[in-house]
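> Got a sequence here, can you model it:
(chains A and B)
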Amino acid sequence: MLAFLVKRTANAVFVMLAVAFLAFLIFRSFGDPVEMMVNEQATQAERAELRERLGLNDGFLTQYVRFVTNAVQGDFGISYRNQQDVMVLIGERFPATLELVLVATVISLVVGIPLGVITAIHRDSRLAGMLQLGSIVGVSLPSFVVGILLILAFSVTLGWLPAFGRGETVDIGWWSTGLLTPSGRAALVLPAISLATFQITLVMRLVRAEMLETLRTDYVKFARARGVPRGRVHWVHALRNCLMPVITLTGMQIGNLIAFALVTETVFQWPGMGLLFIQAVTFVDIPVMAAYLLLVSFIFVTLNTMVDVTYAWVDPRLRDDTAEVGGTNG
Amino acid sequence: MADRSERMAQAQPLTHAAAVLPPEPGLWARMRDSDLWHSFRGHPSAIFAAALLAVLTLTAILAPWITAQDPYDLAALQLINSEIPPIWNPAGQWPYLLGTDVQGRDILSAILYGSRISLVIGFASVILALAVGLSLGLIAGYFGGWVDNVIMRVGDVLLSMPFILIAILISAMAGAALPPGLRDVLAAPILIVAIAVPSWVQYARTVRASAMVERKKEYVQAARLIRVKSWRVMLHHILPNTLTPIMVAATLNFGLAILSEATLSFLGVGMPPDQPSLGTLIRIGNQYLFSGLWWIVVFPAVQLCLIVLSVNMIGDWLRDALNPKLQ
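Modelled structure (predicted):
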């Protein structure tokens, strides 16, 4: 187990170093940091001095090592666009994104699991057929289209819910939350639903597939034969055995949802780090882009590694063949 | 559908006659008698999806001949025709079936031209990803060793970043690196590459796994003994064994590629406004969401969803039809 743990962690570290290398390459190849940071009147000498101070005259490898060392300590430099520390910028935006992602995840579970169970236990009914079709529609709807249609229906036409922003927020320490104010909760509804749509269909399809398999097992038949009520068998005994893969999927998808939140955040002008990233892309604000890329990849890789390690811990057979465990992209 | 069954009925005596003659059925006849075709005929949703996709593709291809105006020709646009609602609205005007935008551009024409771009980019990126993924996967699985290691590690790194993030970065970086004039000309090729880069890994992994199994089998050993070239072994013996899962994955990825293109264009790192794909049209229309001009954004969005929906329905059916466990 220890060997597996070491191997898997080494693999994760290697991947992160490679991603950092990509970010570093982007950092090096686009725009001259000195030009971005000094004002127009700076003299040649001042520029040279800044260049030296930033270490831009050092060798390629030295600079890469320094980039990684700084990144590990959370130092990504100064944003070109608004001259603020990148980590502070991202730190301010992070709670907004995480709240959005977590609420979307909860919605996907609360809606997706019952739908999956229903389509599995009434598999040949008209309702299940409709829900199955609905799930294909759900997969085919781009999240920004869902967002736009929701805004059109509930903000423009009905005027029930706000179409952009985060509403009022309350600070708890460094964390700003919108969950404690009525306007914050109202602002969260549409973005969360639009981010959750795709995830709902994923959860629903997974639960359905797992349920269909579980319903064929002996213990379910035996429970029925023993006189346990049908509802209890389905919703308690069978469902409980389907939840493990759902937890895995949910865990692994959180990284994807954080990345995909940038689309939702753009539609709803939600002040999260995805919106920050898209604005950085428009202005070629490289430090912000590099930091976002590294942060999201780090969350992604950490979650995947944790899932793999947990699986290997539960099932010793998986420890031998490290390369094939899990399948990193769900 | 009526026309298809008619043709089937006419073809019936022919196949019957062919059965008497020495049996060497043509490709068409073999296709019509395959399990896949029978499964297709038994699935109304697959038939519906295929018909829908056919209509959407044909209207997109024929766009220059069937649309009311050329949406790229600025001279054809007249401000007097701007902001006309769809035809069923009392203020609607012929021939603007789905209304016009703020510049007087016919929405239906823009949608059909936009579908062309979306379909071409989606298709091309799948083909590119297939070409790269299949070759690298074959090479990695067949030769093993350090070649395998390098290819699969690169794949691991790509899979450890979210798909959409890689595509956005490639598209944005390429856009920033190119001079403005070239940027718009190369927008479509850039998008094709940006979407293909994160998607080849899946094909490579599938093919690699089966190449590793096949390479140990005796017939491959024998072929190598008599010095059959390795690319021949890979192409003629290993590749055909992997095509079923690849076909399903490629179909589903076609839908995903169209979605990704639309997402990138919507975010502003895709097709420019003067050659709009469906995503660009939605981005443009999004600006008028609050001014009551809902048709500018809703119709391109519906078209996009219909295309992706029909592709996904076909992919879903294909996955079930080709799954030996379900037969």
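
> which residues touch A:G147?
When the contact criterion is C-beta atoms under 8 Å, 6 or more residues apart in numbering or on different chains, the partners of A:G147 are A:L190, A:P191, A:S194, A:V263, A:T264, A:V267, A:F268. The way it works is simple: take the backbone N, C-alpha and C, and place the C-beta from them, glycine included.

> same thing with B:I121?
Contacts for B:I121 were tallied using C-beta under 8 Å, 6+ apart; they are B:A188, B:L191, B:I192, B:I195, B:A257, B:I258, B:E261, B:M271, B:S277.

> mind checking how far the nearest residue to it once chain neighbours are set aside is from B:F40?
The shortest distance from B:I121 to any residue other than its chain neighbours is 4.8 Å, reached at B:E261 (C-beta to C-beta, 6 or more residues apart in numbering or on different chains). Plainly put, B:E261 is 28 Å away from B:F40 if you go by C-beta to C-beta, to the nearest Å.

> Then B:I192?
From B:I192 over to B:F40 the distance is 30 Å, taken as C-beta to C-beta.

> follow-up on the earlier one: state the helix or strand in which the residue nearest to B:I121 lies.
helix B:243-267 (DSSP states H and E).

> do the same with A:T197
Using DSSP H and E, A:T197 falls within helix A:182-215.

> do that helix and chain B meet at all?
No. Counting by C-beta under 8 Å from any C-beta of the partner chain, chain B is not contacted by helix A:182-215; separation bottoms out at 9.9 Å.

> roughly how far is that helix from the heart of the chain?
Here the centre of helix A:182-215 is set off from its chain's centre by 14 Å, with C-alpha atoms, centre = their mean, to the nearest Å.

> mind giving me the domain split of chain A?
Domain assignment for chain A by automatic domain parsing gives A:2-72, A:87-322.

> now the helices for the stretch 151-300 of chain A?
Read by DSSP state H, counting those that start in this stretch, the stretch 151-300 of chain A holds these helices, from start to end of the chain: A:182-215, A:218-225, A:230-232, A:239-268, A:273-282, A:286-314.

> Dump these into CSV; add distance to A:Q41 as well.
Supplementary listing: the helices of the stretch 151-300 of chain A in CSV, determined by distance: least, C-beta to C-beta, whole Å:
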stretch, distance to A:Q41
helix A:182-215, 43
helix A:218-225, 78
helix A:230-232, 77
helix A:239-268, 36
helix A:273-282, 26
helix A:286-314, 23
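
> contact partners of stretch A:110-119?
Outside of stretch A:110-119, the residues within contact range by C-beta under 8 Å, 6+ apart are A:127-128, A:131-132, A:135, A:196, A:199-208, A:210-211, A:234-235, A:239, A:242, A:246.

> and the stretch 51-200 of chain A, which of its residues are near chain B?
Counting by C-beta under 8 Å from any C-beta, the stretch 51-200 of chain A sits next to chain B at A:133, A:136-137, A:139-145, A:148-149, A:151-152, A:156, A:163.

> Out of these, the closest to B:I151 would be?
Within the set of these, A:V139 lies nearest B:I151; the separation is 29.9 Å, counting by C-beta to C-beta.

> tally of neighbours for the closest one?
As a burial measure, A:V139 scores 23 neighbours (other C-beta atoms under 10 Å in any protein chain shown).

> Good, wrapping up.
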